[in-house]
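In: Show me the folded form of this:
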Amino acid sequence: MGWRALSRPSATVTNRLVLPVRIQAEGVRDSVLPPGESRSVRVPRSGTLLLRWDAVRPMVGALPVGEMLSGSAALGRGARGSRLTIGASGAGFAWFAPLITNTTDAPLRIVVNAGLASAFDCGCEVPPGAVRMPIGYYRLYRNSTVEARDRSGRAARFENVATSVVTPGNSVGIRLNPGDLRPVGPPR
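Out: Next up is the predicted model:
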């Protein structure tokens, strides 16, 4: 009974993203939590744990790709057994992570939400032979698209990918085969 009175409460943090997350909190060394894993963190003697997390964006060359995805939480004195689940939705919006498989013989440039006001060029090329290559997280809309272009201007567009998003992690697998690419004009 005395041991319980002296022990500090803890909280379990679970990463449901397809990317690792960096966790920062008082009393917690800057640590990276891999996708799908959980970690127990102690609530400090002050009674409140302030925790911040940032998704570790994939790097292409020296540049990170995808949009910044982060969050924070405050866990109080009664945090014994409490859980914080880090996911890809909240605050009235959701994110999704395209995982690109390139079976063509050419590197492909990816534009997420192509044709929409929120179009986002990942600024990367997915090399031939890539399998489920993560290119970061992007805003998810009912009509979200993923477009791939090769250097010759051939393109393939996958529309309404929101219906294919898989949880946890809000990922969608996009497989590009040689026959998917069609001539559409010069690259943008």
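
In: And the contacts of the longest strand anywhere in the chain?
Out: What stands out as the longest strand in the chain, according to DSSP state E, is strand 93-102. Contacts of strand 93-102 with the rest of the structure, by Cβ atoms under 8 Å, 6 or more residues apart in numbering, involve 17-19, 66-67, 69, 88-89, 108, 110, 112, 126-140, 144, 146, 148, 161-162, 165, 169-176. Using the backbone N, CA and C atoms, a C-beta is placed for each residue, glycine as well.

In: tell me the contacts of the closest residue in space to residue 177 that isn't next to it in sequence?
Out: Computed as Cβ to Cβ, 6 or more residues apart in numbering, the closest residue to residue 177 that is not its neighbour in sequence is residue 103, at 5.1 Å. Contacts here follow Cβ under 8 Å, 6+ apart; on that basis residue 103 touches 128, 129, 175, 176, 177, 178.

In: can we see that at 10 Å?
Out: With contacts defined as Cβ atoms under 10 Å, 6 or more residues apart in numbering, residue 103 is in contact with 128, 129, 130, 131, 175, 176, 177, 178, 179, 180.

In: go on, residue 61?
Out: By Cβ under 10 Å, 6+ apart, the contact list for residue 61 reads 123, 124, 125.

In: Looking at those residues, which is nearest residue 116?
Out: Within the set of the contacts of residue 61, residue 123 lies nearest residue 116; the separation is 17.4 Å, counting by Cβ to Cβ.

In: Can you tell me the SS state at that closest one?
Out: Put simply, residue 123 is strand when judged by DSSP: H, G, I helix; E, B strand; the rest coil.

In: that older thread, which of the contacts of strand 93-102 fall within strands?
Out: Assigned to strands by DSSP E, the following of the contacts of strand 93-102 qualify: 89, 108, 110, 112, 126, 133-134, 138-140, 146, 148, 171-176.
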